[in-house]
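Trainee: quick one, what's the 3D model for this:
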Amino acid sequence: MIRCTEGHFYDPAKHHACPWCPKPVEMAAPIIPGGKTTPLRAEPAAALAPPPAIPVGGKTVPLMRGGGKVEPVVGWLVCTEGPDRGQDFRIHAAKNFIGRSPAMDISITGDETVSRDKHAVLTFEPKRGSFWLAPGESSGLVYCNGDVVHAAMELKASDQIEVGKSKLVLVPFVTEQFRWDS
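Mentor: Reported below is the predicted structural model:
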């Protein structure tokens, strides 16, 4: 493992550059109708900003970094107590790993008592439209509504999840009233 200039660790055998740092986007300049290109500039905070937008056919469309596909949000966890109080975390379909590492789907970076990797797993099962919580692979405990979670359990809206010193409330978006079309 080596450390990049921003302090991230990565394996140079797997990545030619730090996978966590923003990629230089000058290489992927968007093509604007009429044959002109507009180079984009990456700022250090660009990784935290929403993707840039470009005009295409009279409409503004997002330019996805890395050609990524948008994963529709199915709900959120909202931190009500702990160092990240007020922060919301998007939940996508399938497994969402919870931990402190930026590589986690739900990255609770401000709470040093949360395990770095896979403290817990929050799963959205799209066929039934249900949310499930399970302990992760770390030694840290996870609680739901004050009770320790030993095995996967189904969640309801407003259930309170505790990992480390952080308390998170489940706010579903996909419900009986709304589902994403496949």
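Trainee: OK, contacts around residue 155?
Mentor: For residue 155, the residues meeting the contact criterion (CB atoms under 8 Å, 6 or more residues apart in numbering) are 122, 130, 131, 132, 133, 144, 161, 170. For every residue, glycine as well, the C-beta is placed using N, CA and C.
Trainee: let me redo that: residue 3
Mentor: If a contact means CB under 8 Å, 6+ apart, then residue 3 has residue 9 as its contacts.
Trainee: hmm, back to that, from the contacts of residue 155, which two are the most distant?
Mentor: Across the contacts of residue 155, the two members that end up farthest from each other (CB to CB) are 130 and 161, 15.2 Å apart.
Trainee: out of those two, which sits in the more crowded spot?
Mentor: Set side by side, residue 130 and residue 161 give different neighbour counts by other CB atoms under 10 Å, the larger being at residue 161 (22 against 14).
Trainee: who does the more buried one bridge with?
Mentor: Beta-bridge pairing of residue 161 under DSSP bridges involves residue 144, residue 168.
Trainee: surely it and residue 120 touch.
Mentor: Yes - under the contact definition of CB atoms under 8 Å, residue 161 touches residue 120, with a separation of 7.3 Å.
Trainee: what touches both of these two?
Mentor: Between them, residue 161 and residue 120 share the contacting residues 133, 142, judged by CB under 8 Å, 6+ apart.
Trainee: coming back round to it: of the contacts of residue 155, which is the nearest to residue 4?
Mentor: Out of these, the one with the shortest distance to residue 4 is residue 122. That distance is 29.2 Å, counting by CB to CB.
Trainee: the residue nearest to that closest one when sequence neighbours are not counted sits in which helix or strand?
Mentor: Computed as CB to CB, 6 or more residues apart in numbering, the closest residue to residue 122 that is not its neighbour in sequence is residue 96, at 4.6 Å. Taking DSSP states H and E as the definition, residue 96 sits inside strand 94-99.
Trainee: now the helix or strand harbouring residue 76: average pLDDT?
Mentor: With the criterion set as DSSP H and E, the secondary-structure element containing residue 76 is strand 75-81. Taken as a whole, strand 75-81 carries a mean pLDDT of 97.
Trainee: ok, stretch 86-94 next?
Mentor: Mean pLDDT, stretch 86-94: 96.
Trainee: endpoints of it, how far apart?
Mentor: Looking at stretch 86-94, the gap from its leading to its trailing residue is 25 Å under the measure CA to CA, to the nearest Å.
Trainee: same question for stretch 133-152.
Mentor: Across stretch 133-152, first to last residue, CA to CA, it's 5 Å.
Trainee: ok, now stretch 146-160?
Mentor: Using CA to CA, the end-to-end distance of stretch 146-160 comes out at 8 Å.
Trainee: check which residues of it are buried.
Mentor: Of the residues in stretch 146-160, those scored as buried under the neighbour-count criterion (16 or more other CB atoms under 10 Å) are 149, 155, 159.
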